[in-house]
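[1] Turn this into a model:
(one chain, ligands or ions: 1)
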Amino acid sequence: MQTIDTAELQSGLEGLTLEALLERIARRFGGRVALASSLGAEDQVLTDVIAQASLPIAIFTIDTGRLPAQTHELLDATRERYGLVIEVLTPDSAELGAVLAERGSNFFRRSVEDRKLCCHVRKVLPLRRRLAGLEAWVTGLRREQSITRQDLPIVHWDEAHQLVKLNPLAGWSKDDVWQYIRQHRVPYNVLHDRGYPSIGCEPCTRAVEPGQDIRAGRWWWEQPEHRECGLHLAATGSQIHGSAP
Ligand code: SF4
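    The predicted structure follows:
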């Protein structure tokens with residue numbers, strides 16, 4: 001059951017700078033709010049603001065076990081740069097082990113169902129377990145990222161996970177993100193410089209050609225409407241693309 005008035009929250013956040021917005025979020029939710037970071041460009045911007053202002057917003061990421069080396073390097077670089085604790089969630093070893101024993105290490109390539117099962121065990125369940133202890137979570141989603149996000153609000157009730165979901169970068173453009181990164185010398189994944197706009201697990205991510213859709217490098221063997229991992233479910237039950245891995 002919804003217990004937090006997101007309309008009132010939304011009105012209090014309109015027009016604020018990113019720093020002021022995150023400060024307001026931190027004050028409102030105390031230690032019961034966390035940033036779910038994929039270590040993507042948007043999440044690095046949010047991490048920079050949280051770290052520079054020492055805001056009481058926890059930061060966690062999900063190590064699926066199949067991330068590229070460059071993402072691990074960025075995780076270490078981010079910790080060192082900010083002196084931050086970044087919590088690393090992992091899949092439940094028994095759950096994952098049972099699936100791998102039955103289906104093999106690369107079963108996710110066999111069908112959409114198998115791929116979604118892999119994402120479910122490696123990403124969705126660890127996220128779900130972490131969110132269960134929170135009142136709100138912060139994401140780096142932006143309206144511009146896809147047609148399904150055009151109406152993305154800064155704050156809304158996350159029906160799927162039963163907590164408040166905050167998207168402080170909802171109105172930011174890709175240029176806004178990269179301008180911030182350059183201006184503040186924020187560490188970012190070197191794969192972005194090699195044509196990877198969206199970076200997830202190593203076997204399921206590849207570079208795209210200039211001008212191609214930013215999701216074209218994720219699960220490219222599937223039809224576009226299936227290319228979701230289940231981390232971000234809209235209130236309607238339809239999925240929206242994630243900034244998480
Ligand atoms: Fe598995 Fe690929 Fe999903 Fe990673 S992105 S959890 S390897 S299917």
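[2] C-alpha from now on. contacts and neighbour counts both.
    Fine.
[3] And residue 130, how far from residue 123?
    11 Å (C-alpha to C-alpha, to the nearest Å).
[4] Mind checking which of these two has more residues around it?
    A count of neighbours by other C-alpha atoms under 10 Å puts residue 123 above the other of residue 130 and residue 123, at 25 against 14.
[5] where along the protein do the helices fall?
    Assigned by DSSP state H, the chain shows helices spanning 6-13, 18-29, 41-52, 69-82, 93-103, 112-119, 125-131, 174-183.
[6] right, so of those helices, which gets closest to the ligand?
    Proximity to the ligand, assessed across the helices of the chain by C-alpha to the nearest ligand atom, is greatest for helix 112-119 (3.6 Å).
[7] What angle do helix 93-103 and the closest one make with each other?
    Angle, helix 112-119 to helix 93-103, by axes from the mean of the first three to the mean of the last three C-alpha atoms, to 10 degrees: 150 degrees.
[8] So what's the gap between helix 112-119 and the chain middle?
    Distance, stretch centre to chain centre, for helix 112-119: 18 Å (C-alpha atoms, centre = their mean, to the nearest Å).
[9] next one: stretch 200-217
    Here stretch 200-217 is found 16 Å from its chain centre; the criterion is C-alpha atoms, centre = their mean.
[10] Would you mind identifying the helix or strand in the chain with the lowest mean pLDDT?
    Lowest by mean pLDDT, DSSP states H and E among the helices and strands of the chain is helix 6-13, with a mean of 80.
[11] I'd like to know which elements it is packed against.
    The contact analysis (3 or more C-alpha pairs under 8 Å, 6 or more residues apart in numbering; DSSP states H and E) places helix 6-13 against strand 155-158.
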